[in-house]
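> Sharing a model prediction with you, sequence too.
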Amino acid sequence: MKYRFVDEALTEFTAAGRYYNQQAPGLGDAFVNEVEAGIGVILNGPTVWRVIEDEVRRYLIKRFPYGIYYTTEGDGVVIWAVKHLHRDPDYWQHRRK
């Protein structure tokens, strides 16, 4: 199974990694590793995770307060947001239109 980020999701993912590396050396790398591990888990069972709205599912990152918001489309996964869980819950939804 393949996956892809929408542009805004990739931007917020890389920005969060940079932010964490500024907070402590290597912390951003740990964040990236956690997200990539989460994507691997999603790809192994994309329908396991809770549907939060319409067909959008959310996988919660273990070490950081982030969720991966995604849909399954065809033979792949589309990642719509790598979202900080304390941010406005609806800020990313325009991406699906």
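Yes, it's here. This structure is a prediction, so every number in the text was calculated from the model and none was measured.

> what's the weakest-modelled helix or strand in the chain?
The element with the least model confidence among the helices and strands of the chain, by mean pLDDT, DSSP states H and E, is strand 51-53, at a mean of 91.

> Name the next helix or strand downstream of that one, please.
Along the chain past strand 51-53, the next helix or strand (assigned with DSSP states H and E) turns out to be strand 56-60.

> Strand partners (parallel or antiparallel) of that next one?
Based on DSSP bridges, the strands next to strand 56-60 in the sheet, each with its direction, are strand 51-53 (antiparallel), strand 66-73 (antiparallel).

> winner for burial among those?
When the strands paired with strand 56-60 are scored by mean count of other C-beta atoms under 10 Å, the highest mean neighbour count falls to strand 66-73 (a mean of 20). From N, CA and C alone the C-beta is placed, and that goes for glycine too.

> picking that back up, any chance of the strands paired with strand 56-60 in a markdown table, with distance to L43 too?
Below are the strands paired with strand 56-60 laid out as a markdown table (distance: least, C-beta to C-beta, whole Å):
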| stretch | distance to L43 |
| --- | --- |
| strand 51-53 | 17 |
| strand 66-73 | 10 |
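
> Least reliable of the ones you listed by average pLDDT, please.
Least confident of these, judged by mean pLDDT, is strand 51-53 with a mean of 91.

> Now do the helices in this structure.
Taking DSSP state H, the helices of the chain run over residues 7-23, 27-44.

> what's near enough to touch F64?
F64 makes contact with Y20, F31, E34 under the criterion C-beta atoms under 8 Å, 6 or more residues apart in numbering.

> quick one: it from M1, how far?
From F64 over to M1 the distance is 24 Å, taken as C-beta to C-beta, to the nearest Å.

> Show the low-confidence segments of this protein, by residue range.
Across the chain, the stretches falling below the confidence threshold (pLDDT under 70) are 91-92, 97.

> beta partners for the spatially most central residue of it?
Nearest to the mean C-alpha position of the chain, counting by C-alpha atoms, centre = their mean, stands I68 at 2.5 Å. Listed by DSSP bridges, the beta-bridge partners for I68 are Y59, V82.

> Could I get the contacting residues of it?
Taking C-beta under 8 Å, 6+ apart as the contact definition, I68 lies against V35, G38, I39, I42, R58, Y59, I61, I79, A81, V82, K83.
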